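Student: what would the 3D arrangement of this be:
(3 chains)
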Amino acid sequence: MHLIFKVTFATMEVIITLIKKDFLVDFRQKYLLAGIALYVFATIYISYLAFNSVIAPAIWNALFWLILLFSSVTGMFKSFGQEANRTYYYYYLASANHILAAKLVYYLLYEFLLVILLGALFITFLGNPVEQPVLFLLNLLLGAIGLAVSFTLIASIASKSDNGNTLMSILAFPVIIPVLLLAVTNSRKIIFGASFQDISGNLLTLVCFNVIIIALSFILFPYSWKN
Amino acid sequence: MINNRLKLILLAGFSLLQLVAFGQSPVEMADNFRGEGKIYVVVMVILTLLAGIFWTLFRFDRKLKELEKEIESKK
Amino acid sequence: MKYLLNSKSWKWVSIGLLTYTVIGGFFLPVPRLPILNETIRILHFHVPMWFGMIIMFAISFVYAVKYLSTKELKYDLYAKEMVSVGIMFGMLGIFSGMVWANFTWGEPWSNDPKQNASAIALLMYFALLILRGSLNDDHQKARITSVYNIFAFAILIPLLFVLPRMTDSLHPGNGGNPGFNAYDLDSNLRIVFYPAVLGWTLLGLWIATLKIKLSMLQMILDDK
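Tutor: Next up is the predicted model:
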(Lines give C-alpha, C1' and ligand atoms only; values in the text may rest on other atoms or scores of the structure.)
Protein backbone atom coordinates (compact mmCIF):
# COMPACT_ATOMS: atom_id res chain seq x y z
CA MET A 1 0.00 0.00 0.00
CA HIS A 2 2.75 2.36 0.97
CA LEU A 3 4.56 1.54 -2.25
CA ILE A 4 1.50 2.28 -4.39
CA PHE A 5 1.15 5.65 -2.70
CA LYS A 6 4.75 6.39 -3.34
CA VAL A 7 4.46 5.45 -7.02
CA THR A 8 1.30 7.51 -7.54
CA PHE A 9 2.93 10.43 -5.84
CA ALA A 10 6.00 10.14 -8.01
CA THR A 11 3.80 9.98 -11.12
CA MET A 12 1.92 13.08 -10.12
CA GLU A 13 5.19 14.86 -9.47
CA VAL A 14 6.54 13.99 -12.91
CA ILE A 15 3.33 15.18 -14.57
CA ILE A 16 3.25 18.42 -12.62
CA THR A 17 6.88 19.07 -13.46
CA LEU A 18 6.14 18.55 -17.14
CA ILE A 19 3.17 20.91 -17.03
CA LYS A 20 5.27 23.51 -15.23
CA LYS A 21 7.91 23.15 -17.90
CA ASP A 22 5.35 23.79 -20.66
CA PHE A 23 4.15 26.97 -18.99
CA LEU A 24 7.69 28.11 -18.33
CA VAL A 25 8.53 27.72 -22.01
CA ASP A 26 5.43 29.72 -22.90
CA PHE A 27 6.31 32.39 -20.37
CA ARG A 28 9.74 32.78 -21.87
CA GLN A 29 8.42 33.02 -25.42
CA LYS A 30 5.74 35.58 -24.77
CA TYR A 31 5.34 36.42 -28.42
CA LEU A 32 3.63 33.07 -29.06
CA LEU A 33 0.88 33.66 -26.51
CA ALA A 34 0.56 37.30 -27.46
CA GLY A 35 0.30 36.23 -31.09
CA ILE A 36 -2.63 33.96 -30.40
CA ALA A 37 -4.39 36.57 -28.28
CA LEU A 38 -3.93 39.06 -31.08
CA TYR A 39 -5.23 36.52 -33.59
CA VAL A 40 -8.41 36.03 -31.57
CA PHE A 41 -8.86 39.77 -31.09
CA ALA A 42 -8.32 40.59 -34.74
CA THR A 43 -10.77 37.90 -35.94
CA ILE A 44 -13.49 39.08 -33.59
CA TYR A 45 -12.89 42.72 -34.39
CA ILE A 46 -13.08 42.02 -38.12
CA SER A 47 -16.35 40.15 -37.71
CA TYR A 48 -17.63 43.04 -35.58
CA LEU A 49 -16.85 45.44 -38.41
CA ALA A 50 -18.13 43.08 -41.09
CA PHE A 51 -21.44 42.37 -39.40
CA ASN A 52 -21.81 46.04 -38.54
CA SER A 53 -22.69 45.06 -34.95
CA VAL A 54 -26.05 43.63 -36.05
CA ILE A 55 -25.88 39.87 -35.53
CA ALA A 56 -28.56 37.19 -35.27
CA PRO A 57 -28.25 34.70 -32.36
CA ALA A 58 -27.83 31.71 -34.69
CA ILE A 59 -24.95 33.41 -36.48
CA TRP A 60 -23.43 34.57 -33.17
CA ASN A 61 -23.34 30.91 -32.14
CA ALA A 62 -21.81 29.65 -35.38
CA LEU A 63 -19.22 32.42 -35.38
CA PHE A 64 -18.27 31.75 -31.77
CA TRP A 65 -17.53 28.09 -32.41
CA LEU A 66 -15.76 28.75 -35.68
CA ILE A 67 -13.38 31.26 -34.13
CA LEU A 68 -12.81 28.96 -31.16
CA LEU A 69 -12.00 26.11 -33.55
CA PHE A 70 -9.56 28.09 -35.67
CA SER A 71 -7.79 29.74 -32.78
CA SER A 72 -7.41 26.35 -31.04
CA VAL A 73 -5.90 24.78 -34.14
CA THR A 74 -3.48 27.67 -34.54
CA GLY A 75 -2.40 27.56 -30.92
CA MET A 76 -2.39 23.83 -30.32
CA PHE A 77 0.29 22.90 -32.76
CA LYS A 78 3.06 25.01 -31.31
CA SER A 79 3.65 23.04 -28.13
CA PHE A 80 4.27 19.70 -29.82
CA GLY A 81 6.03 21.43 -32.67
CA GLN A 82 8.69 22.60 -30.21
CA GLU A 83 9.10 19.15 -28.72
CA ALA A 84 10.37 17.59 -31.94
CA ASN A 85 14.00 18.38 -31.12
CA ARG A 86 13.80 17.37 -27.50
CA THR A 87 12.25 13.94 -27.98
CA TYR A 88 15.34 12.01 -26.97
CA TYR A 89 15.71 13.91 -23.74
CA TYR A 90 12.33 12.75 -22.58
CA TYR A 91 13.08 9.08 -23.07
CA TYR A 92 15.29 9.23 -20.02
CA LEU A 93 12.98 11.36 -17.93
CA ALA A 94 9.40 10.22 -18.31
CA SER A 95 7.19 7.57 -19.88
CA ALA A 96 4.89 8.32 -22.81
CA ASN A 97 1.81 8.23 -20.58
CA HIS A 98 3.28 10.85 -18.25
CA ILE A 99 3.98 13.11 -21.17
CA LEU A 100 0.50 12.63 -22.61
CA ALA A 101 -1.16 13.31 -19.25
CA ALA A 102 0.89 16.48 -18.85
CA LYS A 103 0.07 17.62 -22.37
CA LEU A 104 -3.64 16.91 -21.89
CA VAL A 105 -3.76 19.05 -18.76
CA TYR A 106 -1.71 21.76 -20.41
CA TYR A 107 -3.93 21.85 -23.48
CA LEU A 108 -7.07 21.86 -21.33
CA LEU A 109 -5.85 24.86 -19.33
CA TYR A 110 -4.84 26.55 -22.53
CA GLU A 111 -8.24 25.89 -24.11
CA PHE A 112 -10.03 27.28 -21.05
CA LEU A 113 -7.96 30.45 -21.21
CA LEU A 114 -8.88 30.76 -24.86
CA VAL A 115 -12.58 30.27 -24.07
CA ILE A 116 -12.49 32.96 -21.39
CA LEU A 117 -10.73 35.42 -23.68
CA LEU A 118 -13.04 34.63 -26.57
CA GLY A 119 -16.17 34.88 -24.43
CA ALA A 120 -15.16 38.23 -22.98
CA LEU A 121 -14.36 39.67 -26.40
CA PHE A 122 -17.57 38.29 -27.91
CA ILE A 123 -19.75 39.81 -25.21
CA THR A 124 -17.95 43.13 -25.51
CA PHE A 125 -18.17 43.46 -29.26
CA LEU A 126 -20.99 41.26 -30.52
CA GLY A 127 -23.46 41.27 -27.63
CA ASN A 128 -24.70 38.41 -25.49
CA PRO A 129 -27.74 36.44 -26.74
CA VAL A 130 -27.32 33.74 -24.05
CA GLU A 131 -30.12 33.67 -21.50
CA GLN A 132 -29.08 30.50 -19.64
CA PRO A 133 -25.40 31.10 -18.87
CA VAL A 134 -24.97 28.01 -16.64
CA LEU A 135 -26.24 25.59 -19.26
CA PHE A 136 -24.30 27.39 -21.99
CA LEU A 137 -21.09 27.25 -19.97
CA LEU A 138 -21.57 23.55 -19.19
CA ASN A 139 -21.92 22.76 -22.87
CA LEU A 140 -19.03 25.07 -23.72
CA LEU A 141 -16.85 23.34 -21.14
CA LEU A 142 -17.60 19.88 -22.58
CA GLY A 143 -17.02 21.13 -26.12
CA ALA A 144 -13.74 22.76 -25.15
CA ILE A 145 -12.56 19.55 -23.46
CA GLY A 146 -13.43 17.67 -26.65
CA LEU A 147 -11.45 20.11 -28.78
CA ALA A 148 -8.44 20.06 -26.48
CA VAL A 149 -8.18 16.28 -26.14
CA SER A 150 -8.70 15.55 -29.86
CA PHE A 151 -6.09 18.12 -30.80
CA THR A 152 -3.54 16.69 -28.40
CA LEU A 153 -3.14 13.39 -30.23
CA ILE A 154 -3.46 15.01 -33.65
CA ALA A 155 -0.77 17.56 -32.74
CA SER A 156 1.57 14.76 -31.69
CA ILE A 157 0.95 13.04 -35.04
CA ALA A 158 1.34 16.22 -37.09
CA SER A 159 4.55 17.21 -35.32
CA LYS A 160 6.29 14.18 -36.87
CA SER A 161 6.02 15.72 -40.29
CA ASP A 162 8.06 18.56 -41.72
CA ASN A 163 5.10 20.77 -42.57
CA GLY A 164 3.16 20.04 -39.42
CA ASN A 165 1.24 23.29 -39.31
CA THR A 166 -0.69 22.66 -42.52
CA LEU A 167 -1.08 19.00 -41.72
CA MET A 168 -2.52 19.86 -38.32
CA SER A 169 -5.63 21.47 -39.78
CA ILE A 170 -6.09 18.82 -42.46
CA LEU A 171 -5.91 16.01 -39.91
CA ALA A 172 -7.85 17.73 -37.15
CA PHE A 173 -10.93 19.07 -38.92
CA PRO A 174 -12.55 15.80 -40.00
CA VAL A 175 -11.79 14.21 -36.64
CA ILE A 176 -13.23 17.09 -34.65
CA ILE A 177 -16.54 17.14 -36.56
CA PRO A 178 -18.52 14.87 -34.20
CA VAL A 179 -17.59 16.87 -31.09
CA LEU A 180 -18.11 20.17 -32.84
CA LEU A 181 -21.43 19.13 -34.34
CA LEU A 182 -22.81 18.06 -30.98
CA ALA A 183 -21.54 21.13 -29.16
CA VAL A 184 -22.71 23.62 -31.80
CA THR A 185 -26.17 22.05 -32.03
CA ASN A 186 -26.47 22.09 -28.25
CA SER A 187 -25.44 25.69 -27.86
CA ARG A 188 -27.80 26.77 -30.67
CA LYS A 189 -30.63 25.00 -28.87
CA ILE A 190 -29.63 26.65 -25.59
CA ILE A 191 -29.61 30.10 -27.17
CA PHE A 192 -33.10 29.42 -28.49
CA GLY A 193 -34.28 28.54 -25.02
CA ALA A 194 -33.93 24.76 -24.62
CA SER A 195 -34.01 23.29 -21.10
CA PHE A 196 -31.57 20.79 -19.62
CA GLN A 197 -33.93 17.91 -20.44
CA ASP A 198 -33.95 18.85 -24.12
CA ILE A 199 -30.21 18.53 -24.55
CA SER A 200 -29.26 16.01 -21.86
CA GLY A 201 -29.05 13.21 -24.46
CA ASN A 202 -26.66 15.18 -26.62
CA LEU A 203 -24.61 16.24 -23.61
CA LEU A 204 -24.23 12.62 -22.56
CA THR A 205 -23.10 11.69 -26.07
CA LEU A 206 -20.58 14.51 -25.91
CA VAL A 207 -19.21 13.19 -22.60
CA CYS A 208 -18.96 9.70 -24.12
CA PHE A 209 -17.06 11.09 -27.10
CA ASN A 210 -14.63 12.85 -24.80
CA VAL A 211 -14.04 9.65 -22.84
CA ILE A 212 -13.52 7.65 -26.05
CA ILE A 213 -11.02 10.18 -27.37
CA ILE A 214 -9.06 10.32 -24.10
CA ALA A 215 -8.93 6.53 -23.89
CA LEU A 216 -7.79 6.27 -27.50
CA SER A 217 -5.14 8.90 -26.91
CA PHE A 218 -3.65 6.92 -24.03
CA ILE A 219 -3.66 3.74 -26.15
CA LEU A 220 -2.23 5.31 -29.28
CA PHE A 221 0.11 8.01 -28.00
CA PRO A 222 3.00 5.71 -27.05
CA TYR A 223 3.12 4.51 -30.67
CA SER A 224 3.17 7.95 -32.20
CA TRP A 225 5.65 9.26 -29.62
CA LYS A 226 8.55 6.81 -29.79
CA ASN A 227 10.74 7.02 -32.83
CA MET B 1 -86.88 6.77 -61.49
CA ILE B 2 -85.07 4.73 -64.14
CA ASN B 3 -82.89 7.68 -64.84
CA ASN B 4 -81.83 7.80 -61.22
CA ARG B 5 -81.08 4.08 -61.09
CA LEU B 6 -78.98 4.35 -64.25
CA LYS B 7 -77.04 7.20 -62.74
CA LEU B 8 -76.36 5.13 -59.64
CA ILE B 9 -75.18 2.13 -61.64
CA LEU B 10 -72.98 4.28 -63.79
CA LEU B 11 -71.48 5.93 -60.72
CA ALA B 12 -70.80 2.56 -59.08
CA GLY B 13 -69.33 1.22 -62.31
CA PHE B 14 -66.95 4.08 -62.77
CA SER B 15 -65.79 4.12 -59.19
CA LEU B 16 -65.14 0.37 -59.46
CA LEU B 17 -63.18 0.98 -62.65
CA GLN B 18 -61.14 3.63 -60.89
CA LEU B 19 -60.43 1.24 -58.03
CA VAL B 20 -59.31 -1.47 -60.45
CA ALA B 21 -57.09 0.97 -62.28
CA PHE B 22 -55.65 2.20 -59.01
CA GLY B 23 -55.04 -1.33 -57.74
CA GLN B 24 -53.29 -2.35 -60.89
CA SER B 25 -50.58 0.33 -60.89
CA PRO B 26 -50.66 2.71 -57.99
CA VAL B 27 -47.20 3.84 -58.91
CA GLU B 28 -45.81 4.39 -62.35
CA MET B 29 -43.08 1.91 -63.22
CA ALA B 30 -41.25 1.20 -66.43
CA ASP B 31 -43.74 -1.55 -67.34
CA ASN B 32 -43.97 -0.54 -70.97
CA PHE B 33 -40.22 -0.53 -71.30
CA ARG B 34 -40.11 -4.06 -69.89
CA GLY B 35 -43.02 -5.23 -72.02
CA GLU B 36 -41.20 -4.22 -75.18
CA GLY B 37 -38.23 -6.32 -74.09
CA LYS B 38 -35.78 -3.42 -74.13
CA ILE B 39 -34.69 -4.31 -70.60
CA TYR B 40 -32.78 -7.27 -72.12
CA VAL B 41 -30.68 -4.79 -74.07
CA VAL B 42 -29.81 -2.87 -70.90
CA VAL B 43 -28.89 -6.01 -68.98
CA MET B 44 -26.82 -7.37 -71.87
CA VAL B 45 -24.89 -4.09 -72.12
CA ILE B 46 -24.14 -4.05 -68.39
CA LEU B 47 -23.13 -7.71 -68.40
CA THR B 48 -20.77 -7.05 -71.30
CA LEU B 49 -19.18 -4.19 -69.39
CA LEU B 50 -18.78 -6.36 -66.29
CA ALA B 51 -17.25 -9.15 -68.36
CA GLY B 52 -14.75 -6.66 -69.76
CA ILE B 53 -13.81 -5.48 -66.27
CA PHE B 54 -13.38 -9.05 -65.00
CA TRP B 55 -11.27 -9.98 -67.99
CA THR B 56 -9.01 -6.98 -67.39
CA LEU B 57 -8.65 -7.87 -63.71
CA PHE B 58 -7.72 -11.45 -64.57
CA ARG B 59 -5.16 -10.18 -67.05
CA PHE B 60 -3.64 -7.95 -64.37
CA ASP B 61 -3.52 -10.97 -62.07
CA ARG B 62 -1.61 -12.98 -64.66
CA LYS B 63 0.80 -10.18 -65.50
CA LEU B 64 1.60 -9.65 -61.82
CA LYS B 65 2.22 -13.35 -61.31
CA GLU B 66 4.67 -13.37 -64.22
CA LEU B 67 6.47 -10.34 -62.78
CA GLU B 68 6.65 -11.97 -59.37
CA LYS B 69 8.25 -15.05 -60.89
CA GLU B 70 10.72 -12.98 -62.84
CA ILE B 71 11.81 -11.05 -59.78
CA GLU B 72 12.05 -14.28 -57.73
CA SER B 73 14.30 -15.87 -60.35
CA LYS B 74 16.59 -12.83 -60.52
CA LYS B 75 17.22 -12.88 -56.80
CA MET C 1 -5.07 -12.30 -46.55
CA LYS C 2 -2.65 -15.02 -47.65
CA TYR C 3 -5.65 -16.95 -49.00
CA LEU C 4 -6.96 -13.87 -50.78
CA LEU C 5 -3.57 -13.18 -52.36
CA ASN C 6 -2.91 -16.70 -53.61
CA SER C 7 -6.26 -18.27 -54.34
CA LYS C 8 -8.34 -17.72 -57.44
CA SER C 9 -11.59 -19.44 -56.58
CA TRP C 10 -13.16 -16.59 -54.60
CA LYS C 11 -12.81 -14.35 -57.62
CA TRP C 12 -15.24 -16.60 -59.46
CA VAL C 13 -17.62 -16.21 -56.52
CA SER C 14 -17.45 -12.45 -56.99
CA ILE C 15 -18.09 -12.81 -60.74
CA GLY C 16 -21.05 -15.11 -60.13
CA LEU C 17 -22.59 -12.89 -57.48
CA LEU C 18 -22.25 -9.72 -59.54
CA THR C 19 -23.73 -11.37 -62.64
CA TYR C 20 -26.60 -12.57 -60.49
CA THR C 21 -26.94 -9.05 -59.06
CA VAL C 22 -27.29 -7.49 -62.50
CA ILE C 23 -29.75 -10.12 -63.78
CA GLY C 24 -31.76 -10.39 -60.56
CA GLY C 25 -31.58 -6.68 -59.90
CA PHE C 26 -33.17 -5.81 -63.21
CA PHE C 27 -35.62 -8.67 -63.67
CA LEU C 28 -36.99 -9.64 -60.27
CA PRO C 29 -40.13 -7.80 -59.20
CA VAL C 30 -39.63 -4.90 -56.79
CA PRO C 31 -42.10 -3.10 -54.53
CA ARG C 32 -43.98 -0.32 -56.27
CA LEU C 33 -43.39 2.81 -54.23
CA PRO C 34 -44.14 6.45 -54.98
CA ILE C 35 -41.21 8.83 -55.63
CA LEU C 36 -38.78 5.93 -55.86
CA ASN C 37 -40.53 4.20 -58.76
CA GLU C 38 -38.09 2.13 -60.79
CA THR C 39 -35.05 3.80 -59.20
CA ILE C 40 -35.49 1.48 -56.22
CA ARG C 41 -33.24 -0.88 -58.18
CA ILE C 42 -30.18 1.24 -57.52
CA LEU C 43 -30.32 -0.33 -54.05
CA HIS C 44 -28.28 -3.16 -55.54
CA PHE C 45 -25.65 -0.90 -57.06
CA HIS C 46 -25.38 2.28 -55.02
CA VAL C 47 -25.85 1.04 -51.45
CA PRO C 48 -23.20 -1.73 -51.70
CA MET C 49 -20.66 1.02 -52.46
CA TRP C 50 -21.29 2.43 -48.99
CA PHE C 51 -21.10 -1.02 -47.39
CA GLY C 52 -17.95 -1.75 -49.36
CA MET C 53 -16.36 1.47 -48.14
CA ILE C 54 -17.05 0.70 -44.48
CA ILE C 55 -15.88 -2.92 -44.84
CA MET C 56 -12.64 -1.82 -46.54
CA PHE C 57 -11.98 0.76 -43.81
CA ALA C 58 -12.70 -1.88 -41.16
CA ILE C 59 -10.20 -4.30 -42.72
CA SER C 60 -7.69 -1.48 -42.95
CA PHE C 61 -8.27 -0.74 -39.24
CA VAL C 62 -7.56 -4.38 -38.37
CA TYR C 63 -4.28 -4.29 -40.31
CA ALA C 64 -3.29 -0.99 -38.71
CA VAL C 65 -3.69 -2.63 -35.29
CA LYS C 66 -1.76 -5.64 -36.54
CA TYR C 67 1.06 -3.41 -37.77
CA LEU C 68 1.37 -1.66 -34.44
CA SER C 69 1.57 -4.98 -32.60
CA THR C 70 3.99 -6.73 -34.98
CA LYS C 71 5.85 -3.88 -36.77
CA GLU C 72 5.79 -5.82 -40.03
CA LEU C 73 5.71 -3.46 -43.00
CA LYS C 74 3.51 -5.73 -45.09
CA TYR C 75 0.56 -5.14 -42.75
CA ASP C 76 0.93 -1.42 -43.25
CA LEU C 77 0.87 -2.06 -46.99
CA TYR C 78 -2.38 -4.00 -46.66
CA ALA C 79 -3.90 -1.22 -44.57
CA LYS C 80 -2.90 1.44 -47.09
CA GLU C 81 -4.27 -0.37 -50.13
CA MET C 82 -7.51 -1.16 -48.32
CA VAL C 83 -7.91 2.53 -47.57
CA SER C 84 -7.38 3.45 -51.20
CA VAL C 85 -9.98 0.93 -52.38
CA GLY C 86 -12.34 2.13 -49.64
CA ILE C 87 -11.91 5.70 -50.91
CA MET C 88 -12.69 4.48 -54.43
CA PHE C 89 -15.92 2.90 -53.17
CA GLY C 90 -16.79 6.02 -51.22
CA MET C 91 -16.29 8.30 -54.23
CA LEU C 92 -18.35 6.01 -56.46
CA GLY C 93 -21.07 5.88 -53.81
CA ILE C 94 -21.16 9.66 -53.38
CA PHE C 95 -21.23 10.43 -57.09
CA SER C 96 -23.78 7.76 -57.99
CA GLY C 97 -25.87 8.97 -55.07
CA MET C 98 -25.67 12.56 -56.26
CA VAL C 99 -26.89 11.61 -59.71
CA TRP C 100 -29.82 9.76 -58.16
CA ALA C 101 -30.57 12.49 -55.60
CA ASN C 102 -30.67 15.11 -58.32
CA PHE C 103 -33.59 13.22 -59.88
CA THR C 104 -35.35 12.13 -56.73
CA TRP C 105 -34.79 14.94 -54.22
CA GLY C 106 -34.35 17.71 -56.77
CA GLU C 107 -30.79 18.60 -55.73
CA PRO C 108 -27.52 16.70 -55.62
CA TRP C 109 -26.64 17.64 -52.03
CA SER C 110 -29.20 18.23 -49.32
CA ASN C 111 -27.58 18.04 -45.88
CA ASP C 112 -28.61 14.42 -45.47
CA PRO C 113 -26.83 12.66 -42.56
CA LYS C 114 -25.77 9.74 -44.73
CA GLN C 115 -24.31 12.07 -47.33
CA ASN C 116 -22.54 14.01 -44.60
CA ALA C 117 -21.22 10.84 -42.97
CA SER C 118 -19.70 9.56 -46.19
CA ALA C 119 -18.24 12.98 -46.96
CA ILE C 120 -16.64 13.17 -43.49
CA ALA C 121 -15.32 9.62 -43.84
CA LEU C 122 -13.72 10.52 -47.15
CA LEU C 123 -12.20 13.69 -45.67
CA MET C 124 -10.61 11.66 -42.86
CA TYR C 125 -9.09 9.10 -45.18
CA PHE C 126 -7.92 11.70 -47.71
CA ALA C 127 -6.16 13.34 -44.78
CA LEU C 128 -4.60 9.93 -44.02
CA LEU C 129 -3.20 9.71 -47.54
CA ILE C 130 -1.82 13.26 -47.30
CA LEU C 131 -0.22 12.39 -43.95
CA ARG C 132 1.35 9.34 -45.59
CA GLY C 133 2.74 11.43 -48.37
CA SER C 134 4.32 13.94 -46.01
CA LEU C 135 6.45 11.41 -44.10
CA ASN C 136 9.64 9.92 -45.45
CA ASP C 137 10.98 7.08 -43.33
CA ASP C 138 9.10 3.83 -44.10
CA HIS C 139 8.67 2.68 -40.52
CA GLN C 140 7.75 6.11 -39.21
CA LYS C 141 5.25 6.50 -42.05
CA ALA C 142 3.71 3.14 -41.23
CA ARG C 143 3.54 3.84 -37.50
CA ILE C 144 2.09 7.33 -37.70
CA THR C 145 -0.50 6.44 -40.35
CA SER C 146 -1.55 3.37 -38.38
CA VAL C 147 -2.14 5.56 -35.34
CA TYR C 148 -4.22 8.01 -37.35
CA ASN C 149 -6.04 5.17 -39.10
CA ILE C 150 -7.14 3.66 -35.79
CA PHE C 151 -8.10 7.06 -34.41
CA ALA C 152 -10.12 7.97 -37.50
CA PHE C 153 -12.00 4.68 -37.63
CA ALA C 154 -12.77 4.80 -33.92
CA ILE C 155 -14.24 8.29 -34.40
CA LEU C 156 -16.07 7.37 -37.59
CA ILE C 157 -18.14 4.52 -36.17
CA PRO C 158 -19.78 6.45 -33.29
CA LEU C 159 -20.24 9.34 -35.72
CA LEU C 160 -22.44 7.13 -37.89
CA PHE C 161 -24.79 6.75 -34.94
CA VAL C 162 -24.64 10.39 -33.86
CA LEU C 163 -25.22 12.15 -37.18
CA PRO C 164 -28.75 10.82 -37.84
CA ARG C 165 -29.85 12.34 -34.52
CA MET C 166 -28.91 15.80 -35.71
CA THR C 167 -31.06 15.96 -38.87
CA ASP C 168 -33.63 13.64 -40.36
CA SER C 169 -32.47 11.56 -43.27
CA LEU C 170 -34.04 11.88 -46.68
CA HIS C 171 -32.88 8.40 -47.57
CA PRO C 172 -35.61 5.86 -48.29
CA GLY C 173 -36.75 4.17 -45.10
CA ASN C 174 -35.91 7.08 -42.78
CA GLY C 175 -38.13 9.67 -41.17
CA GLY C 176 -41.40 8.78 -42.84
CA ASN C 177 -39.96 8.51 -46.33
CA PRO C 178 -41.38 5.70 -48.41
CA GLY C 179 -39.06 2.81 -48.90
CA PHE C 180 -36.98 0.24 -47.20
CA ASN C 181 -34.64 0.06 -44.28
CA ALA C 182 -32.52 -2.63 -42.73
CA TYR C 183 -35.52 -4.14 -40.98
CA ASP C 184 -38.31 -4.14 -43.53
CA LEU C 185 -36.42 -4.73 -46.73
CA ASP C 186 -38.82 -6.42 -49.08
CA SER C 187 -37.95 -10.11 -49.42
CA ASN C 188 -37.59 -9.71 -53.18
CA LEU C 189 -35.06 -6.96 -52.63
CA ARG C 190 -33.27 -8.89 -49.92
CA ILE C 191 -32.47 -11.94 -52.04
CA VAL C 192 -30.57 -9.69 -54.43
CA PHE C 193 -29.26 -7.06 -52.03
CA TYR C 194 -27.22 -9.27 -49.68
CA PRO C 195 -25.48 -11.17 -52.50
CA ALA C 196 -24.87 -7.79 -54.15
CA VAL C 197 -23.09 -6.45 -51.05
CA LEU C 198 -20.93 -9.58 -50.88
CA GLY C 199 -20.21 -9.48 -54.60
CA TRP C 200 -19.15 -5.83 -54.68
CA THR C 201 -17.05 -6.27 -51.52
CA LEU C 202 -15.24 -9.22 -53.06
CA LEU C 203 -14.64 -7.17 -56.20
CA GLY C 204 -13.10 -4.48 -53.99
CA LEU C 205 -10.88 -7.06 -52.30
CA TRP C 206 -9.83 -8.31 -55.71
CA ILE C 207 -8.71 -4.83 -56.76
CA ALA C 208 -7.00 -4.41 -53.39
CA THR C 209 -5.02 -7.66 -53.79
CA LEU C 210 -3.83 -6.48 -57.21
CA LYS C 211 -2.66 -3.20 -55.71
CA ILE C 212 -0.99 -5.00 -52.80
CA LYS C 213 0.91 -7.32 -55.12
CA LEU C 214 2.04 -4.35 -57.19
CA SER C 215 3.27 -2.45 -54.12
CA MET C 216 5.09 -5.53 -52.84
CA LEU C 217 6.94 -5.86 -56.14
CA GLN C 218 7.75 -2.17 -55.94
CA MET C 219 9.11 -2.71 -52.43
CA ILE C 220 11.34 -5.59 -53.58
CA LEU C 221 12.65 -3.50 -56.46
CA ASP C 222 13.34 -0.52 -54.16
CA ASP C 223 15.33 -2.72 -51.78
CA LYS C 224 17.78 -3.72 -54.47
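
Student: element containing C:K11?
Tutor: Secondary structure from DSSP states H and E places C:K11 in helix C:9-27.

Student: for A:L118, give its distance to A:S150.
Tutor: Distance, A:L118 to A:S150, using C-beta to C-beta, to the nearest Å: 18 Å. Any C-beta I mention is one placed from the backbone N, CA and C, and that applies to glycine too.

Student: pull out the buried positions in the lengthiest helix in chain B.
Tutor: The single longest helix within chain B, with elements called by DSSP state H, is helix B:38-74. The neighbour-count check on helix B:38-74 (16 or more other C-beta atoms under 10 Å in any protein chain shown) flags B:46, B:50, B:54, B:57, B:60-61, B:64 as buried.

Student: rewinding a little: A:L118 and A:S150 - which one has more neighbours?
Tutor: A:S150 (29 against 22; other C-beta atoms under 10 Å in any protein chain shown).

Student: I'd assumed A:A172 was in contact with the more buried one.
Tutor: Yes: assessed by C-beta atoms under 8 Å, A:S150 is found in contact with A:A172 at 6.9 Å.

Student: chain C: helices as residue ranges?
Tutor: Using DSSP H, the helices of chain C run over residues C:2-6, C:9-27, C:47-70, C:73-104, C:113-134, C:138-166, C:187-223.

Student: now the fourth one and helix C:187-223, what's the angle there?
Tutor: When you say that, I think you mean helix C:73-104. 140 degrees (axes from the mean of the first three to the mean of the last three C-alpha atoms, to 10 degrees).

Student: how about C:K71: what's its closest non-neighbour residue?
Tutor: Spatial nearest neighbour of C:K71, chain neighbours left out: C:H139 (7.4 Å); criterion: C-beta to C-beta, 6 or more residues apart in numbering or on different chains.

Student: and that neighbour, what's its pLDDT?
Tutor: Listed pLDDT for C:H139 reads 87.

Student: roughly how far does it sit from chain B?
Tutor: 23 Å (C-beta to the nearest C-beta, to the nearest Å).

Student: OK, contacts around the residue nearest to the spatial centre of chain A?
Tutor: Centroid-nearest residue in chain A, with C-alpha atoms, centre = their mean: A:A148, separated by 2.5 Å. Counting by C-beta atoms under 8 Å, 6 or more residues apart in numbering or on different chains, A:A148 touches A:72, A:76, A:104, A:107-108, A:110-111.

Student: least confident pick among these?
Tutor: A:M76 (72).

Student: measure how buried that residue is and give me the count.
Tutor: By the criterion of other C-beta under 10 Å, A:M76 has 25 neighbours.

Student: give the contact list for it.
Tutor: A:107, A:110, A:148, A:151-152, A:155, A:168, A:172.

Student: I'd say A:D26 and A:G35 touch.
Tutor: No: counting by C-beta under 8 Å, A:D26 sits too far from A:G35 to count as a contact (11.4 Å).

Student: which residue packs closest to C:Y3, ignoring adjacent ones?
Tutor: Per C-beta to C-beta, 6+ apart, closest to C:Y3 is C:W10, 7.9 Å.

Student: next, give phi and psi for C:L33.
Tutor: Backbone dihedrals for C:L33, given as degrees, to the nearest 10, come out at phi -130, psi 140.

Student: burial measure for it, as a count.
Tutor: Neighbour tally, C:L33, other C-beta under 10 Å: 18.

Student: how about the residues of chain A that lie near chain C?
Tutor: Taking C-beta under 8 Å from any C-beta of the partner chain, the part of chain A that reaches chain C is made up of A:153-154, A:157, A:160-163, A:167, A:170-171, A:173-175, A:177-178, A:181-182, A:185, A:201-202, A:205, A:208-209, A:212-213, A:216, A:220, A:223-224, A:227.

Student: from these, keep the buried residues only.
Tutor: A:153-154, A:157, A:160-161, A:167, A:170-171, A:173-175, A:177-178, A:181-182, A:185, A:202, A:205, A:209, A:212-213, A:216, A:220, A:223-224.

Student: ok, and which of those reach chain B?
Tutor: Counting by C-beta under 8 Å from any C-beta, no member of those is near chain B.

Student: ok so, going back, and the residue nearest to C:K71, how far from C:Y67?
Tutor: Counting by C-beta to C-beta - C:H139 and C:Y67 are separated by 10 Å.

Student: overlap in contacts of those two?
Tutor: C:L73.

Student: compare those two and say which is more crowded by neighbours.
Tutor: C:Y67 (27 against 13).

Student: report the contact partners of the closest residue to the more buried one other than its chain neighbours.
Tutor: Leaving aside its sequence neighbours, C:Y67 sits nearest to C:Y75 (C-beta to C-beta, 6+ apart; 4.1 Å). By C-beta under 8 Å, 6+ apart, the residues touching C:Y75 are C:63-64, C:66-67.

Student: who in chain B is up against chain C?
Tutor: So far as C-beta under 8 Å from any C-beta goes, chain B lies against chain C at B:25-30, B:39, B:42-43, B:46-47, B:50, B:54, B:57-58, B:60-61, B:64, B:67-68, B:71.

Student: residue ranges with poor pLDDT in the chain?
Tutor: In the absence of a named chain, chain A is used. Applying pLDDT under 70 to chain A flags residues A:1-9, A:53, A:77-93, A:227.

Student: ah, I was thinking of chain C
Tutor: Checking chain C against pLDDT under 70 turns up C:165-170, C:172-186, C:224.

Student: tally of neighbours for A:P129?
Tutor: Neighbour tally, A:P129, other C-beta under 10 Å: 18.

Student: assign it to helix, strand or coil.
Tutor: coil (DSSP: H, G, I helix; E, B strand; the rest coil).

Student: ok, and the closest non-adjacent residue to it?
Tutor: Per C-beta to C-beta, 6+ apart, closest to A:P129 is A:P57, 3.9 Å.

Student: pretty sure the one you found sits against A:E131.
Tutor: No: using C-beta under 8 Å, A:P57 makes no contact with A:E131, being 9.7 Å away.
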